[in-house]
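# dropping a prediction and its sequence here:
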Amino acid sequence: MAAPPLSLLWVVPALPLAGFVVNGALALAGARTKRAVSIVGVGTLALAFAAAAFAVVGLARLRSAEPLVFSYWDWLNVGELKVAFALQLDQLSAVMLLVVTGVGALIHVFSVGYMRDDPGYARYFAYLNLFVFFMLILVLGASFPVMFVGWEGVGLCSYLLIGFWFNEQINADAGKKAFIVNRIGDFGFLVAMFLIFWRIGSLDFTTVFAKAPTAFAAGGALVTAITLFLFLGCTGKSAQIPLYTWLPDAMQGPTPVSALIHAATMVTAGVYLVARCGVLFALSPTGSAVVAGIGALTALFAATIALKQWDIKRVLAYSTVSQLGYMFVGVGTGVYAAGIFHLATHAFFKALLFLGSGSVINAMHHAYHATHSHEDAQDMRNMGGLARHLPWTATLMWIATLAIAGIPPFAGFFSKDEILGAAFAEGAVRPIWYAFWAMGIAAALLTAFYMTRLMRYTFHGPNRTGDREREHLHEAPWLMTAPLLVLGALTVLGGGLNIPPLFGGGALLEHWLEPVTGAAARLQPPIEVAAGTEWTLVAGAVLVAALGIVAAFRWLKLETLVPARLAPAERGLGRVLWKKWYVDELYDALVVRPVMWISREVLWKVVDARLVDGWLVNGTAALSRALGWAGSRLQTGEVGAYVLLFVIGVIGVLTLLGVTVR
């Protein structure tokens, strides 16, 4: 029996939900005071983080190897399907709780400064609170259906927040794109749930994972189908090939929204789902290989696109797609702790990068607004030399850049190195993993290059904003800079969560997650490598990262870069990368336009206009009019005619009844 404070786990998601209700009411009432909105929006997240930390401490003190399940009411009770609305606290959900509420609270604080002049301030914070609520339901759900409520909820909130400035068509289209692409992935999640229930008769996590080793044949077709359908859902939520295209377009939303989506909430859901279902994936070598393979390919593919993007947020968006690929390599290889470790460290340095870019964009907007310029404030070609005006932002973003590049001792080095080492070790048993490791190394090289490119073009070299604009460049208010400092500290120290024994650490996170990951590890034991080989892999990974940074310093000529309005058109391979390998155009030609044509020319003009409206609706109306006209012809006003018709009718009825008229 859990201690009473732990039974109040529902308070953690209830707090942001209350924030949504209050701020939503303020938005509907047209309240102009922003102080109350800020207190409610930020305060509920701060309290949720405190409650989450309290719950995690309680879990640690219990030292329970079993998950704590709190059932609140019967939800779905149909035939053999019995689903309670229940929340589950275990070591995995505890990590996600702290990441979601902790990083989410910092993003809420940043938002107070970033969105202070927006007329939709209350609506923004209502949506932001709702986003966190659904993410908490996703990670705390004790069954697939409860998780799916949160899964769909974050999809809804992404639509609301990406298209927050819906008055512009491009923003509304980006929100719709995210919503529709995610529905494709969610179809896979639903099919997987149906198959699990059909085989096991339950959708509760504890029951499914306990029965799975005996209910499914290892490597069998059914468990492989389930894992592949689950991963289809992951490719939508976590933006992997082929459903990754919505995430770069999500940059149309406010920058803090980008930070929340990329660092703490929606895109981490797929990685969490694979880690949660580790037992199922351990039973399916094919499913695990697909997860790792798609992850490695996505990591490399997205990194190539980031090389030639000029929008500072779009570079970071493709960086997120790439880094998520690393996480899937980890969980697909069976080192679930390493995948979750990279999820946590990535939350730190990617939130720092996005919020830092928000500070840059805030400064650029102020500069351009003051001079009535129409330059693109997010294009790196219009920046340069900003380190002199935004020293705190530049320093902190350099720390995050070194972390994502994999330079020790920053957090990203430890988590990424562990994933790459595990992939190389797996190659000794399944050689295809050597290809996955090679793609990961290549992606690491490109990551170091494009992130250094972003930093140099943004903060160094000659300033390209213009003389009048330059006078208005300044550091963001401390309300926005303070969250960056906290995230900077986490980026520096976050690697301590799981320092491996190779570096004298105790692998704390790995041991913490053992009660959750242990069952999968027994079915799919990770491959160990010799210490010498491990040191060689570490040295090689650091050398590759350093090579990428050095190459960016040597090859990029900052003096030759000109503002966007004067820049020549991209040519050759550079244009292909700038156009993102033309994948969006390919999808448009093969999917979007055919669907639109069928919808308009067949479903609308033929089925709807001709068949439904023309034949059914108008035809029924014409038939009714014809019958009415025929009936009106019988109304002659002559009594004899009426009597005759009455007699004929009576005889007809009697005949039908079989009565003989004599």
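Cool, got the structure. Numbers count the residues shown, from 1 in each chain.
# what comes up buried for the top helix by length along the chain?
Criterion DSSP state H: the longest helix present in the chain is helix 336-370. For helix 336-370, burial by neighbour count (16 or more other Cβ atoms under 10 Å) applies to 336-364, 367-368. C-beta here means a position set from N, CA and C on the backbone, and glycine is covered the same way.
# mind listing what A263 touches?
103, 107, 346-348, 350-351, 354 (Cβ atoms under 8 Å, 6 or more residues apart in numbering).
# farthest pair within the residues you listed?
Across those, the longest distance by Cβ to Cβ is 14.5 Å; it joins I107 and H346.
# give the buried residues for the helix or strand encompassing W392.
In this structure, W392 is located in helix 391-405 according to DSSP states H and E. Along helix 391-405, these residues count as buried under the neighbour rule (16+ other Cβ under 10 Å): 392-394, 396-405.
# could you dump these into TSV and include distance to V576 and pLDDT?
Output for those, formatted as TSV (distance: Cβ to Cβ, whole Å; pLDDT from 0 to 100):
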residue	distance to V576	pLDDT
W392	37	94
T393	32	94
A394	31	94
L396	33	96
M397	28	96
W398	30	96
I399	32	96
A400	28	96
T401	25	96
L402	29	96
A403	29	95
I404	24	95
A405	24	94
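# reformat those as JSON lines; add distance to A377.
Output for the buried residues of helix 391-405, formatted as JSON lines (distance: Cβ to Cβ, whole Å):
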{"residue": "W392", "distance to A377": "19"}
{"residue": "T393", "distance to A377": "15"}
{"residue": "A394", "distance to A377": "17"}
{"residue": "L396", "distance to A377": "20"}
{"residue": "M397", "distance to A377": "17"}
{"residue": "W398", "distance to A377": "21"}
{"residue": "I399", "distance to A377": "24"}
{"residue": "A400", "distance to A377": "21"}
{"residue": "T401", "distance to A377": "21"}
{"residue": "L402", "distance to A377": "26"}
{"residue": "A403", "distance to A377": "26"}
{"residue": "I404", "distance to A377": "23"}
{"residue": "A405", "distance to A377": "26"}
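# other residues contacting the particular helix or strand that has L280 in it?
According to DSSP H and E, L280 maps onto helix 278-282. Contact with helix 278-282 is made by 209, 212-213, 216, 223, 226-227, 230, 274, 287-288, 291, 331-332, 334, 336, 516-517, 519-521, 523-524, as judged by Cβ under 8 Å, 6+ apart.
# check stretch 207-225 too.
Contacts of stretch 207-225 (Cβ under 8 Å, 6+ apart): 144, 195-196, 199-200, 202, 226, 277, 279-280, 283-287, 519, 523.
# run the last query once more with 10 Å
If you take Cβ atoms under 10 Å, 6 or more residues apart in numbering as the criterion, stretch 207-225 is touched by 67, 143-144, 191-193, 195-202, 204, 226-227, 276-288, 290, 516, 519-520, 522-524.
# packing partners of the lengthiest strand in the chain?
Assignment by DSSP state E gives strand 68-78 as the longest strand of the chain. Judged by 3 or more Cβ pairs under 10 Å, 6 or more residues apart in numbering; DSSP states H and E, strand 68-78 is in contact with helix 4-7, helix 34-62, strand 81-89, helix 144-162.
# got the angle for the second one vs strand 81-89?
Orientation note: helix 34-62 sits at an angle of 90 degrees relative to strand 81-89 (axes from the mean of the first three to the mean of the last three Cα atoms, to 10 degrees).
# helix or strand right after the helix holding L280?
helix 285-306.
# buried residues in that following helix?
286-306.
# past it, which element shows up next along the chain?
helix 312-333.
# now the angle from that following helix to helix 285-306?
Going by the same axes, to 10 degrees, helix 312-333 is angled at 160 degrees with respect to helix 285-306.
# any regions of the stretch 1-150 of the chain where pLDDT drops low?
Along the stretch 1-150 of the chain, the model assigns pLDDT under 70 to residues 1-6, 31.
# mind doing that once more with 90?
1-8, 27-35, 62-65, 74, 76-82, 116-119 (pLDDT under 90).
# please, where are all the helices along the stretch 351-500 of the chain?
391-405, 411-426, 432-459, 467-470, 478-493 (DSSP state H, counting those that start in this stretch).
# nearest to Y121, out of those helices?
Nearest to Y121, of the helices of the stretch 351-500 of the chain and by Cβ to Cβ, is helix 478-493 at 14.2 Å.
# what helices or strands is the closest one leaning on?
helix 91-114, helix 255-259, helix 336-370, helix 391-405, helix 411-426.
# following the helix or strand bottoming out on mean pLDDT in the chain, which helix or strand shows up next?
Within the chain, judged by mean pLDDT, DSSP states H and E, the helix or strand with the poorest mean is helix 4-7; its value is a mean of 62. Moving toward the C-terminus from helix 4-7, the next helix or strand (DSSP H and E) is helix 11-29.
# for that following helix, buried residues please.
Buried-residue list, helix 11-29, by 16+ other Cβ under 10 Å: 11-20, 22-24, 26-27.
# gap between it and the chain center?
Centroid displacement of helix 11-29 relative to its chain, using Cα atoms, centre = their mean, to the nearest Å, is 22 Å.
# again with stretch 521-534
30 Å.
# for stretch 209-228, same thing?
With Cα atoms, centre = their mean, you get 26 Å for stretch 209-228.
# do stretch 180-194 as well
Relative to the chain's own centre, stretch 180-194 is displaced by 14 Å; criterion: Cα atoms, centre = their mean.
# so which bits of it are buried?
Quick answer for stretch 180-194 (16+ other Cβ under 10 Å): 181-182, 184-186, 188-189, 191-193.
# one step back: quick check: the farthest pair among the buried residues of helix 391-405?
W392 and A405 (20.5 Å).
# just to revisit the earlier point, quick one: closest of the helices and strands packed on helix 478-493 to N171.
Of all these, it is helix 255-259 that lies closest to N171, at 11.1 Å by Cβ to Cβ.
# where's the residue nearest the centre of the chain relative to L324, distance?
Geometric centre of the chain, nearest residue: V267, 2.3 Å, by Cα atoms, centre = their mean. Going from V267 to L324 by Cβ to Cβ, to the nearest Å gives 6 Å.
# name the residues contacting each of the two.
Shared contacts of V267 and L324, defined by Cβ under 10 Å, 6+ apart, comprise 234, 237-240, 244, 247, 343, 346.
# now secondary structure and pLDDT too, for these, in CSV please.
Putting the shared contacts of V267 and L324 into CSV (DSSP: H, G, I helix; E, B strand; the rest coil; pLDDT from 0 to 100) gives the following:
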residue, secondary structure, pLDDT
C234, helix, 95
K237, helix, 93
S238, coil, 93
A239, coil, 91
Q240, coil, 95
Y244, coil, 92
L247, helix, 92
L343, helix, 95
H346, helix, 94
